[in-house]
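Trainee: My questions concern the predicted model and sequence given below.
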Amino acid sequence: MCLYTNLNKQTNKNMKQRKNFIDLNENPYDLFNKWYLKAKLNEINDPNAMNISTISKGVKPSSRIVLMKSYDKTGFVFYTNLESHKGKDIKFNNKVALNFYWKSILKQIRIEGTASLIDDEIADKYFDTRQEISKIGAWASSQSSKLNNRKDLEMKIVEYKKKFKNKRIPRPSFWSGFKIKPVLFEFWQDIEFRLHDRVEFRILKNKWKSRRLFP
Ligand SMILES: Cc1cc2nc3c(=O)[nH]c(=O)nc-3n(C[C@H](O)[C@H](O)[C@H](O)COP(=O)(O)O)c2cc1C
(Lines give C-alpha, C1' and ligand atoms only; values in the text may rest on other atoms or scores of the structure.)
Protein backbone atom coordinates (compact mmCIF):
# COMPACT_ATOMS: atom_id res chain seq x y z
CA MET A 1 0.00 0.00 0.00
CA CYS A 2 2.74 2.37 1.04
CA LEU A 3 4.81 1.45 -2.01
CA TYR A 4 1.79 2.02 -4.23
CA THR A 5 1.11 5.52 -2.88
CA ASN A 6 4.75 6.35 -3.30
CA LEU A 7 4.73 5.13 -6.89
CA ASN A 8 1.64 7.20 -7.65
CA LYS A 9 3.21 10.31 -6.20
CA GLN A 10 6.35 9.75 -8.22
CA THR A 11 4.34 9.10 -11.39
CA ASN A 12 2.35 12.30 -11.00
CA LYS A 13 5.49 14.28 -10.36
CA ASN A 14 7.22 12.74 -13.36
CA MET A 15 4.26 13.38 -15.63
CA LYS A 16 4.08 17.01 -14.57
CA GLN A 17 7.79 17.46 -15.08
CA ARG A 18 7.67 16.01 -18.55
CA LYS A 19 6.37 18.72 -20.87
CA ASN A 20 7.20 16.99 -24.11
CA PHE A 21 4.46 14.45 -24.60
CA ILE A 22 3.91 13.91 -28.30
CA ASP A 23 1.63 16.53 -29.84
CA LEU A 24 -1.28 14.97 -31.76
CA ASN A 25 -1.24 17.93 -34.14
CA GLU A 26 2.32 17.38 -35.31
CA ASN A 27 2.99 16.39 -38.90
CA PRO A 28 4.61 12.92 -38.66
CA TYR A 29 7.38 13.80 -41.13
CA ASP A 30 8.29 16.91 -39.12
CA LEU A 31 8.25 14.87 -35.92
CA PHE A 32 10.41 12.19 -37.53
CA ASN A 33 12.83 14.94 -38.53
CA LYS A 34 12.99 16.36 -34.99
CA TRP A 35 13.66 12.96 -33.41
CA TYR A 36 16.13 11.94 -36.09
CA LEU A 37 18.16 15.13 -35.63
CA LYS A 38 18.24 14.41 -31.90
CA ALA A 39 19.31 10.81 -32.56
CA LYS A 40 22.10 12.00 -34.87
CA LEU A 41 23.51 14.07 -32.02
CA ASN A 42 23.35 11.25 -29.49
CA GLU A 43 23.65 7.85 -31.12
CA ILE A 44 27.19 6.42 -31.14
CA ASN A 45 26.78 4.48 -34.38
CA ASP A 46 24.44 4.58 -37.36
CA PRO A 47 21.49 6.74 -36.25
CA ASN A 48 20.16 6.00 -39.76
CA ALA A 49 20.01 2.24 -39.10
CA MET A 50 16.48 0.91 -39.44
CA ASN A 51 14.94 -2.50 -39.32
CA ILE A 52 12.92 -3.50 -42.36
CA SER A 53 10.48 -6.39 -42.24
CA THR A 54 9.27 -8.07 -45.38
CA ILE A 55 7.01 -10.97 -46.24
CA SER A 56 7.98 -13.83 -48.53
CA LYS A 57 5.96 -15.60 -51.20
CA GLY A 58 5.26 -18.26 -48.58
CA VAL A 59 3.91 -15.50 -46.29
CA LYS A 60 6.90 -15.84 -43.97
CA PRO A 61 8.06 -12.62 -42.31
CA SER A 62 11.74 -11.73 -41.96
CA SER A 63 13.64 -8.65 -40.86
CA ARG A 64 17.10 -7.12 -41.02
CA ILE A 65 18.85 -3.80 -40.50
CA VAL A 66 19.58 -1.49 -43.43
CA LEU A 67 20.78 2.11 -43.61
CA MET A 68 18.28 4.81 -44.47
CA LYS A 69 20.18 6.98 -46.96
CA SER A 70 17.67 9.75 -47.57
CA TYR A 71 14.19 10.78 -46.58
CA ASP A 72 11.67 13.45 -47.33
CA LYS A 73 7.90 13.73 -47.46
CA THR A 74 7.78 11.21 -50.31
CA GLY A 75 9.44 8.43 -48.31
CA PHE A 76 12.49 6.71 -46.84
CA VAL A 77 15.22 5.31 -49.12
CA PHE A 78 17.66 2.44 -48.62
CA TYR A 79 19.90 0.57 -51.07
CA THR A 80 20.36 -3.14 -51.55
CA ASN A 81 20.89 -6.06 -53.88
CA LEU A 82 17.60 -6.65 -55.69
CA GLU A 83 18.27 -10.41 -55.82
CA SER A 84 18.72 -10.62 -52.03
CA HIS A 85 16.16 -12.25 -49.74
CA LYS A 86 14.55 -8.88 -48.99
CA GLY A 87 14.76 -7.82 -52.64
CA LYS A 88 12.83 -10.90 -53.74
CA ASP A 89 10.31 -10.48 -50.91
CA ILE A 90 9.58 -6.89 -51.90
CA LYS A 91 9.16 -7.88 -55.54
CA PHE A 92 6.48 -10.31 -54.42
CA ASN A 93 4.87 -8.09 -51.77
CA ASN A 94 5.79 -4.42 -51.49
CA LYS A 95 4.11 -3.92 -48.11
CA VAL A 96 6.88 -3.48 -45.55
CA ALA A 97 7.43 -2.30 -41.98
CA LEU A 98 10.31 -0.14 -40.76
CA ASN A 99 11.53 0.38 -37.24
CA PHE A 100 14.00 2.91 -35.85
CA TYR A 101 15.08 2.51 -32.24
CA TRP A 102 17.48 4.97 -30.70
CA LYS A 103 18.73 3.71 -27.35
CA SER A 104 20.52 6.96 -26.56
CA ILE A 105 17.29 8.96 -26.55
CA LEU A 106 14.88 6.11 -25.70
CA LYS A 107 12.66 6.64 -28.69
CA GLN A 108 11.20 4.33 -31.30
CA ILE A 109 9.49 5.08 -34.60
CA ARG A 110 7.51 2.42 -36.43
CA ILE A 111 6.54 2.94 -40.04
CA GLU A 112 4.34 0.84 -42.31
CA GLY A 113 4.11 1.48 -46.00
CA THR A 114 4.78 0.39 -49.53
CA ALA A 115 8.19 0.03 -51.14
CA SER A 116 8.91 0.95 -54.72
CA LEU A 117 12.12 0.99 -56.76
CA ILE A 118 13.66 4.43 -57.08
CA ASP A 119 14.54 5.89 -60.49
CA ASP A 120 17.72 4.57 -62.09
CA GLU A 121 19.20 8.07 -62.32
CA ILE A 122 18.83 8.60 -58.56
CA ALA A 123 20.36 5.19 -57.81
CA ASP A 124 23.23 5.92 -60.24
CA LYS A 125 23.89 9.25 -58.56
CA TYR A 126 24.02 7.63 -55.12
CA PHE A 127 26.15 4.73 -56.35
CA ASP A 128 28.69 7.23 -57.73
CA THR A 129 29.15 8.67 -54.21
CA ARG A 130 30.19 5.28 -52.77
CA GLN A 131 33.81 4.41 -52.15
CA GLU A 132 35.43 2.39 -54.90
CA ILE A 133 35.73 -0.74 -52.78
CA SER A 134 32.03 -0.54 -51.84
CA LYS A 135 31.17 -0.31 -55.53
CA ILE A 136 33.30 -3.39 -56.20
CA GLY A 137 31.60 -5.10 -53.23
CA ALA A 138 28.18 -4.48 -54.76
CA TRP A 139 29.32 -6.27 -57.94
CA ALA A 140 31.08 -9.10 -56.12
CA SER A 141 28.46 -10.01 -53.53
CA SER A 142 25.53 -12.18 -54.63
CA GLN A 143 23.82 -11.05 -51.46
CA SER A 144 21.92 -13.78 -49.57
CA SER A 145 23.14 -16.59 -51.85
CA LYS A 146 25.22 -19.44 -50.42
CA LEU A 147 28.91 -18.61 -50.05
CA ASN A 148 30.89 -21.84 -49.86
CA ASN A 149 34.15 -20.21 -48.95
CA ARG A 150 35.21 -16.68 -48.00
CA LYS A 151 37.96 -17.09 -50.60
CA ASP A 152 35.28 -17.18 -53.33
CA LEU A 153 34.20 -13.65 -52.36
CA GLU A 154 37.80 -12.45 -52.23
CA MET A 155 38.42 -13.89 -55.70
CA LYS A 156 35.36 -12.15 -57.08
CA ILE A 157 36.59 -8.87 -55.62
CA VAL A 158 39.96 -9.33 -57.35
CA GLU A 159 38.16 -10.20 -60.59
CA TYR A 160 35.97 -7.07 -60.53
CA LYS A 161 38.87 -4.85 -59.49
CA LYS A 162 40.68 -6.06 -62.60
CA LYS A 163 37.60 -5.64 -64.78
CA PHE A 164 37.06 -2.02 -63.71
CA LYS A 165 40.71 -0.98 -63.41
CA ASN A 166 41.04 2.67 -64.51
CA LYS A 167 37.36 2.70 -65.51
CA ARG A 168 34.28 4.32 -64.04
CA ILE A 169 32.46 1.60 -62.05
CA PRO A 170 28.80 1.57 -63.11
CA ARG A 171 25.94 0.57 -60.82
CA PRO A 172 25.05 -3.10 -61.28
CA SER A 173 21.54 -3.55 -62.70
CA PHE A 174 20.78 -5.88 -59.75
CA TRP A 175 21.59 -3.19 -57.16
CA SER A 176 19.33 -0.21 -56.47
CA GLY A 177 17.26 1.61 -53.91
CA PHE A 178 13.76 1.24 -52.54
CA LYS A 179 11.67 4.11 -51.30
CA ILE A 180 9.13 3.34 -48.59
CA LYS A 181 6.10 5.58 -48.66
CA PRO A 182 4.47 5.52 -45.22
CA VAL A 183 0.78 4.97 -44.57
CA LEU A 184 1.35 4.70 -40.81
CA PHE A 185 3.80 6.12 -38.28
CA GLU A 186 3.92 5.27 -34.61
CA PHE A 187 6.05 7.39 -32.30
CA TRP A 188 7.00 5.88 -28.96
CA GLN A 189 8.97 7.46 -26.17
CA ASP A 190 10.06 6.08 -22.89
CA ILE A 191 8.31 7.34 -19.77
CA GLU A 192 9.18 6.20 -16.28
CA PHE A 193 7.44 3.15 -14.81
CA ARG A 194 6.85 1.90 -18.35
CA LEU A 195 3.98 4.35 -18.77
CA HIS A 196 5.27 5.16 -22.22
CA ASP A 197 3.93 7.73 -24.60
CA ARG A 198 2.66 6.41 -27.96
CA VAL A 199 1.02 8.26 -30.81
CA GLU A 200 -0.07 6.76 -34.09
CA PHE A 201 -0.53 8.70 -37.34
CA ARG A 202 -2.48 6.98 -40.07
CA ILE A 203 -3.17 8.35 -43.53
CA LEU A 204 -6.89 8.60 -44.32
CA LYS A 205 -8.11 10.28 -47.49
CA ASN A 206 -4.73 11.96 -47.92
CA LYS A 207 -4.80 13.40 -44.40
CA TRP A 208 -2.89 12.26 -41.32
CA LYS A 209 -5.20 11.22 -38.47
CA SER A 210 -3.59 10.84 -35.08
CA ARG A 211 -4.51 9.07 -31.89
CA ARG A 212 -2.79 8.30 -28.64
CA LEU A 213 -2.39 4.61 -27.72
CA PHE A 214 -2.18 2.88 -24.38
CA PRO A 215 1.44 1.93 -23.76
C1 LIG B 1 24.20 -1.47 -39.27
C2 LIG B 1 23.86 -2.29 -40.50
C3 LIG B 1 23.61 -1.65 -41.69
C4 LIG B 1 23.28 -2.39 -42.83
N5 LIG B 1 22.95 -1.72 -43.98
C6 LIG B 1 22.54 -2.41 -45.06
C7 LIG B 1 22.05 -1.73 -46.22
O8 LIG B 1 21.94 -0.50 -46.27
N9 LIG B 1 21.68 -2.49 -47.28
C10 LIG B 1 21.73 -3.87 -47.26
O11 LIG B 1 21.37 -4.49 -48.26
N12 LIG B 1 22.15 -4.53 -46.17
C13 LIG B 1 22.55 -3.85 -45.06
N14 LIG B 1 22.96 -4.51 -43.94
C15 LIG B 1 22.98 -5.99 -43.96
C16 LIG B 1 21.57 -6.53 -43.75
O17 LIG B 1 21.22 -6.45 -42.39
C18 LIG B 1 21.42 -7.98 -44.24
O19 LIG B 1 22.36 -8.81 -43.61
C20 LIG B 1 21.58 -8.10 -45.75
O21 LIG B 1 20.99 -7.01 -46.43
C22 LIG B 1 20.96 -9.38 -46.27
O23 LIG B 1 19.62 -9.42 -45.90
P24 LIG B 1 18.54 -10.38 -46.63
O25 LIG B 1 19.25 -11.70 -46.85
O26 LIG B 1 17.41 -10.48 -45.68
O27 LIG B 1 18.17 -9.72 -47.92
C28 LIG B 1 23.27 -3.80 -42.77
C29 LIG B 1 23.50 -4.44 -41.56
C30 LIG B 1 23.78 -3.69 -40.43
C31 LIG B 1 23.97 -4.40 -39.11
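Mentor: Sure, I can see it.
Trainee: middle-most residue in the chain, spatially?
Mentor: The residue lying closest to the centre of the chain (Cα atoms, centre = their mean) is residue 50, at 3.0 Å.
Trainee: helix/strand/coil for it?
Mentor: Assigned by DSSP: H, G, I helix; E, B strand; the rest coil, the conformation of residue 50 is strand.
Trainee: Next one: it from the ligand, what distance?
Mentor: 9 Å (Cβ to the nearest ligand atom, to the nearest Å). All C-beta atoms are positioned from the backbone trio N, CA, C, and that covers glycine.
Trainee: Surely that residue and residue 65 touch.
Mentor: Yes. Look at residue 50 against residue 65 with Cβ atoms under 8 Å: they come within range, at 6.9 Å.
Trainee: show me the contacts for residue 46.
Mentor: Under the criterion of Cβ atoms under 8 Å, 6 or more residues apart in numbering, the neighbours of residue 46 are residue 67.
Trainee: could you measure residue 126 against residue 135, distance?
Mentor: According to Cβ to Cβ, to the nearest Å, residue 126 stands 11 Å off from residue 135.
Trainee: between these two, which one's more packed in?
Mentor: residue 135 (21 against 17; other Cβ atoms under 10 Å).
Trainee: Within the helices and strands, which one has that one?
Mentor: Residue 135 belongs to helix 132-140 when assigned by DSSP states H and E.
Trainee: buried residues in that helix?
Mentor: For helix 132-140, burial by neighbour count (16 or more other Cβ atoms under 10 Å) applies to 135-140.
Trainee: farthest-separated two in the residues you listed?
Mentor: For these, the farthest-apart pair by Cβ to Cβ is 135 and 140; their separation is 9.8 Å.
Trainee: picking up where we left off before, who are the packing partners of the helix or strand just after the helix holding residue 135?
Mentor: Sequence-wise, the next helix or strand downstream of helix 132-140 (DSSP H and E) is helix 150-163. Counting contacts by 3 or more Cβ pairs under 8 Å, 6 or more residues apart in numbering; DSSP states H and E, helix 150-163 packs against helix 132-140.
Trainee: so does the helix it packs on get close to the ligand?
Mentor: No. Using Cβ under 6 Å from any ligand atom, helix 132-140 never reaches the ligand; the gap is at least 9.4 Å.
Trainee: tell me the angle that helix makes with helix 150-163.
Mentor: 110 degrees (axes from the mean of the first three to the mean of the last three Cα atoms, to 10 degrees).
Trainee: Please list the residues of the chain that sit near the ligand.
Mentor: Checking the chain against the ligand by Cβ under 6 Å from any ligand atom, the hits are 46, 49, 62, 64-67, 78-80, 84-86, 143-144.
Trainee: Only the buried subset of those residues, as a PyMOL command please.
Mentor: To isolate the buried members of the residues of the chain next to the ligand in PyMOL, using 16+ other Cβ under 10 Å:
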select buried, resi 49+66+78+79+80+84+85+86+143
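Trainee: so which of the buried residues of helix 132-140 comes closest to the ligand?
Mentor: Nearest to the ligand out of the buried residues of helix 132-140 is residue 138 (Cβ to the nearest ligand atom; 9.4 Å).
Trainee: What segments of the protein are helices?
Mentor: 2-17, 28-42, 85-92, 120-129, 132-140, 150-163 (DSSP state H).
Trainee: Comparing these by mean pLDDT, which bottoms out?
Mentor: With a mean of 46, helix 2-17 has the lowest mean pLDDT of these.
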